[in-house]
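Undergrad: model this:
(one chain, ligands or ions: 1)
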Amino acid sequence: MSNKKLTTATGSPVADDNNSISVGEHGSLTFDNHYTFEKLAHFNRERIPERVVHARGTGAYGTFTVTRSLKDKTIASFLQTIGQKTEVFARFSTVGGGQDSSDYARDPRGFALKFYTDEGNYDMVGNNTPVFFLRDAIKFPDFIHSQKKDPRTNLPNPAAIYEFWANHPQSLHQLTILMSDRGIPASYRNMHGFSSHTYSFWNEQGQRFWFKWHFKSNQGIKCLSNDEAAATSPVGAQQDLVEAIDQGDYPSWTAKVQIMTEDEAQDYKINPFDLTKVWPHADFPLIEVGQLELNRNVDNYFAETEQACFAPSNLVPGIGVSPDKMLQGRLLAYQDAHRYRVGANANQLPVNAAKCPVNHYQRDGAMAGDCPVHGDSNVQDSGVNYYPNDQINSGAPSPVSFVEEPAMPILENAWVKRYSTDGDDHYSQAGDLFRLMNESQKDQLTTTIAEGLVQATESVQHRMLIQFGKADIDYAARVKSIMETTK
Ligand code: NDP
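TA: Next comes the predicted model:
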C-alpha cells in the first residue's frame with residue numbers, strides 16, 4: 001500500500017475511489033457524493049479550446065547557441081557573443097487538422113520557437129515554408145474556411161480549396177511549394193523553419209536592418225509521397241520527435257539570417273514585406289548565426305505543449321516588426337487567441353513565463369497567481385498597481401527609455417487607404433521554383449495538383465491553368481495534360 005494519501009483537489013484524504021455512496025446496495029446515488037461530483041466536474045473541464053489552426057502539435061525544449069555575433073546589427077542580448085546559449089521551447093504542428101488529425105497531411109508545418117532570453121521571451125512563430133498563401137491578414141479567415149472542412153458535410157472539400165486559390169493568384173507561390181515533393185515532411189526533424197515574415201534588427205547606433213530567419217535542418221530534408229503518407233501512422237511525426245530526444249539523438253538546425261538595409265529596401269525590385277515572396281539568395285545571401293538543438297521532452301503534454309502561447313508580438317529590445325500586413329494582423333490575433341484559449345494570465349504558466357524578472361502594473365484576471373519562475377517578479381503583488389507613482393525609488397518598476405525602437409521611416413509618400421495588390425506579380429517566383437525542379441519533381445508537383453483540381457468546377461480549373469501558365473507555360477501544359485487523363 002502506497003504511503004501517499006489520495007486526496008480531493010483541496011487536499012482532504014479520500015476514503016474510497018471505486019464506489020459512490022448509494023441508497024442501499026442497488027439504489028440511487030446521494031447528494032453527499034461530493035467527491036464523485038468533483039471528479040466528474042473536473043473531467044468535463046479537461047479540454048481548453050483547441051487552436052483553430054495549428055491544433056495538432058508537438059513540443060520540446062532545447063538550446064540556441066550563437067556562432068556569429070550580431071552585435072553590429074542588434075542590441076538583442078541573446079545574440080551578442082559567440083558561444084552564448086539561450087533556452088528554447090519549440091512547437092511543430094500541422095495547420096488545418098484538429099488535435100487528433102494526422103501528422104502527415106499535405107499542409108504547411110508550424111515551426112515556432114520561444115527563446116527565454118534575459119530580457120524577456122522572444123518568439124519566432126514561423127512555418128516550414130519561406131512564404132505564405134496571403135499577403136494581408138484580412139484574408140486569413142476566408143482562406144482557412146476554404147481549406148478546412150465543408151460546413152455541411154464536415155468533410156474536406158477540394159473544390160472549395162481550389163476555388164479560393166483560383167480567386168487569389170497571390171497564393172500560387174505557396175501552392176507550388178505545398179504541392180511539391182516537399183509538401184509532406186517525413187518528420188519534424190527533416191524540415192527547415194522560416195520566419196517567412198521580414199522583421200527588423202536595430203543596433204546601439206539606432207540603425208535598423210530588415211531580416212528574415214532561416215533554420216536549416218541538419219538532418220536534411222526528407223519527405224513522403226502521398227502514398228507513403230497514407231500508409232504511415234498518423235502520430236508518426238510526434239512519435240519520431242519524442243523518441244529521438246528520449247534516445248539522445250538530438251535534432252538540430254543551423255540558424256541563418258538574410259539581412260537588407262533600409263536603403264536597399266527603398267529601391268528593391270520586390271516589396272520586401274510581401275509574405276508571398278522570398279528574397280532571392282543571390283541578392284541577400286544567408287549568413288550563419290547559430291545552432292538550435294532540441295534536447296529535452298516535455299514532462300506533461302497538456303501543461304506545456306497544449307498551453308504554450310507563442311506570439312509574434314513577443315519581442316525583445318533589438319528586434320522589431322516590419323510593415324508586413326500579415327505580420328501586423330498576427331500581432332493582434334495570436335495574443336487574442338491565447339487570452340481566449342488559455343486566459344488573461346497565460347504568461348504566468350511555467351512554459352510561457354519569462355525566465356527573467358517580470359514587473360508590470362497588470363493585475364487580477366482569471367487564475368492570477370505570482371510568477372512561478374522568479375520570486376523577484378511583481379506580477380501579482382500587492383504593491384502599487386498604477387503608473388506613474390511615488391514608489392519608484394522603493395522598488396516600483398519604471399520604463400527603460402534606451403530600449404525604445406528607432407523611429408520607423410515611411411518608405412513612400414503615403415495616403416491612408418486600402419491598396420489593392422491585384423496587379424502585383426504573383427507568378428515569377430512560383431515559376432522560379434518550378435524551373436528549379438527536375439523532371440521527377442515537376443511530375444510529382446503537377447500530378448498532385450491535377451488530382452485535386454479535377455474535383456473543382458470548370459471555371460476554377462480554367463482560372464488555375466491561366467495562373468500556372470503565367471508562372472511557366474510548361475507548368476500549365478503538364479497540369480492540363482494530366483487532368484485530361486485523370487478525368
Ligand atoms: P536558390 O537556387 O538560391 O535557392 C533555391 C531554394 O529552394 C533552396 O533554398 C532550396 O532549399 C529550396 N527548394 C528547393 N525545392 C524546394 C521545394 N520543393 N519547396 C521549397 N523549397 C525548395 O534560389 P532563389 O533564392 O533565387 O529562389 C528561387 C526559388 O526557390 C524561390 O522562388 C522559392 O520558391 C524557392 N526558395 C527560396 C528561398 C529563399 O529564401 N530565397 C527559400 C526556400 C525556397 P534547400 O537549400 O534545402 O535545397
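Undergrad: State the helix or strand in which R91 lies.
TA: Taking DSSP states H and E as the definition, one finds R91 inside strand 85-93.
Undergrad: which stretches of this structure form strands?
TA: For the chain, the strands defined by DSSP state E cover 57-66, 85-93, 110-117, 120-127, 193-194, 199-202, 208-217, 252-261, 287-297, 319-320.
Undergrad: Now render these as a markdown table, adding mean pLDDT and mean neighbour count.
TA: For glycine as for every other residue, the C-beta is placed from the backbone atoms N, C-alpha and C. A markdown table is the format used below for the strands of the chain (pLDDT from 0 to 100; neighbours: other CB atoms under 10 Å):
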| stretch | mean pLDDT | mean neighbour count |
| --- | --- | --- |
| strand 57-66 | 98 | 21 |
| strand 85-93 | 98 | 22 |
| strand 110-117 | 98 | 23 |
| strand 120-127 | 98 | 23 |
| strand 193-194 | 98 | 24 |
| strand 199-202 | 98 | 21 |
| strand 208-217 | 98 | 22 |
| strand 252-261 | 98 | 20 |
| strand 287-297 | 98 | 18 |
| strand 319-320 | 98 | 20 |
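Undergrad: Now render the ones you listed as TSV, adding distance to E25.
TA: Output for the strands of the chain, formatted as TSV (distance: least, CB to CB, whole Å):
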stretch	distance to E25
strand 57-66	48
strand 85-93	50
strand 110-117	54
strand 120-127	57
strand 193-194	61
strand 199-202	68
strand 208-217	63
strand 252-261	62
strand 287-297	47
strand 319-320	67
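Undergrad: Around the ligand, which positions in the stretch 301-450 of the chain sit nearby?
TA: Proximity of the stretch 301-450 of the chain to the ligand (CB under 6 Å from any ligand atom) is limited to residues 429, 432-433, 436.
Undergrad: Now go through these and say which are in helices.
TA: Cross-referencing these against helices under DSSP state H gives 429, 432-433, 436.
Undergrad: For the residues you listed, give me TSV that also has pLDDT, distance to R182 and neighbour count.
TA: Output for those, formatted as TSV (pLDDT from 0 to 100; distance: CB to CB, whole Å; neighbours: other CB atoms under 10 Å):
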residue	pLDDT	distance to R182	neighbour count
Q429	98	15	23
D432	98	15	15
L433	98	10	22
L436	98	11	10
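Undergrad: now, among those residues, which is nearest to K470?
TA: K470 lies nearest to Q429 out of those, by CB to CB, at 11.8 Å.
Undergrad: The closest one contacts K277, correct?
TA: Yes: between Q429 and K277 there is a contact under CB atoms under 8 Å: 5.6 Å.
Undergrad: Which neighbours do these two have in common?
TA: Shared contacts of Q429 and K277 (CB atoms under 8 Å, 6 or more residues apart in numbering): 131, 173.
Undergrad: Can you give me the distance of the closest residue to L79 other than its chain neighbours to Q80?
TA: What sits nearest to L79 in space, not counting adjacent residues and going by CB to CB, 6 or more residues apart in numbering, is L70, at 4.1 Å. Counting by CB to CB, to the nearest Å, the gap between L70 and Q80 amounts to 7 Å.
Undergrad: More neighbours: the two, which one.
TA: Comparing L70 with Q80 by other CB atoms under 10 Å, the one with more neighbours is L70, at 24 against 14.
Undergrad: what's near enough to touch the more buried one?
TA: With contact set as CB under 8 Å, 6+ apart, L70 has these partners: 76, 79-80, 201, 257, 289.
Undergrad: Out of these, which comes closest to G98?
TA: Checking those against G98 by CB to CB gives V257 as the nearest, at 34.3 Å.
Undergrad: Mind naming the longest helix for this protein?
TA: Longest helix in the chain, counting residues (DSSP H): helix 325-341.
Undergrad: for the helix or strand of the chain with the lowest mean pLDDT, packing partners?
TA: None of the helices or strands of the chain scores lower by mean pLDDT, DSSP states H and E than helix 262-267, at a mean of 92. Counting contacts by 3 or more CB pairs under 8 Å, 6 or more residues apart in numbering; DSSP states H and E, helix 262-267 is packed against strand 208-217.
Undergrad: The strand it packs on packs against which elements?
TA: With contacts defined as 3+ CB pairs under 8 Å, 6+ apart, strand 208-217 has these neighbours: strand 120-127, strand 193-194, strand 199-202, strand 252-261, helix 262-267.
Undergrad: Many thanks, I have nothing further to ask.
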